[in-house]
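Peer 1: One predicted model, sequence on top.
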Amino acid sequence: MADIEIHSEEEFEADEEGDKGILKLKERVKQRKGRGFGGETRTEVEEYESMDVDVEGSSYGPQRSVEGWILFVTNIHEEAQEEDVRDKFADYGEIKNLHLNLDRRTGFVKGYALVEYDTFKEAQSAIDSLNGTEINGQKISVDWTFVQGGSKRKSSGHRRVSRKSPSPVSRRRR
């Protein structure tokens, strides 16, 4: 085992001149916290830009995004390339934006894409023509990304029965 020597505080030299310099620096520093450092707030923004949304009851239908009409394409083959999707959808209008997500770990496509058109007619014709077709031998589904109103399917009015085991509180009530 190693021998450890313990020294008393008196054996170390005090650097009082250096300590005073550090204290002077600390006094001159202005403490700054948070965003912008001054505590000022942005008051010039009174109202944020919003989209006009037609709210007539609970009608179901596509909803335009801020940029355009976006389609959600699912069941894309994992080895499909962006060009495969672009070639398939370019026949129906000019594609403003195409986003094909890749899995970081594998580098393959995650299985879905977002395709954006400028006009409703282009997007609708792409949905009508391409829903159920194939890319790289795999059948794809094409639908609107954003919809307004309720869901397509009607509610039966019945509550869904939970298949989970009852909570301890409900077990005590029995």
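Peer 2: Sure, I can see it.
Peer 1: Can you point out the buried residues in the helix of greatest length in the chain?
Peer 2: As assigned by DSSP state H, the longest helix anywhere in the chain is helix 16-28. Buried positions in helix 16-28, judged by neighbour count with 16 or more other CB atoms under 10 Å: none. In short, each C-beta sits where N, CA and C put it, glycine included.
Peer 1: do stretch 137-149 as well
Peer 2: Within stretch 137-149, judged by 16+ other CB under 10 Å, the buried ones are 140, 142, 144, 145, 148.
Peer 1: can you map out the strands along the chain?
Peer 2: 61-62, 69-74, 95-102, 109-117, 134-135, 138-139, 141-144, 147-148 (DSSP state E).
Peer 1: Switch the ones you listed over to a markdown table, and while doing so, append mean pLDDT and distance to residue 127 to every line.
Peer 2: As requested, the strands of the chain are exported to a markdown table (pLDDT from 0 to 100; distance: least, CB to CB, whole Å):
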| stretch | mean pLDDT | distance to residue 127 |
| --- | --- | --- |
| strand 61-62 | 84 | 9 |
| strand 69-74 | 96 | 6 |
| strand 95-102 | 94 | 14 |
| strand 109-117 | 95 | 10 |
| strand 134-135 | 94 | 15 |
| strand 138-139 | 96 | 15 |
| strand 141-144 | 95 | 5 |
| strand 147-148 | 86 | 12 |
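Peer 1: Quick one: those strands as CSV, columns for distance to residue 21 too.
Peer 2: CSV is the format used below for those (distance: least, CB to CB, whole Å):
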stretch, distance to residue 21
strand 61-62, 68
strand 69-74, 61
strand 95-102, 55
strand 109-117, 58
strand 134-135, 70
strand 138-139, 71
strand 141-144, 67
strand 147-148, 66
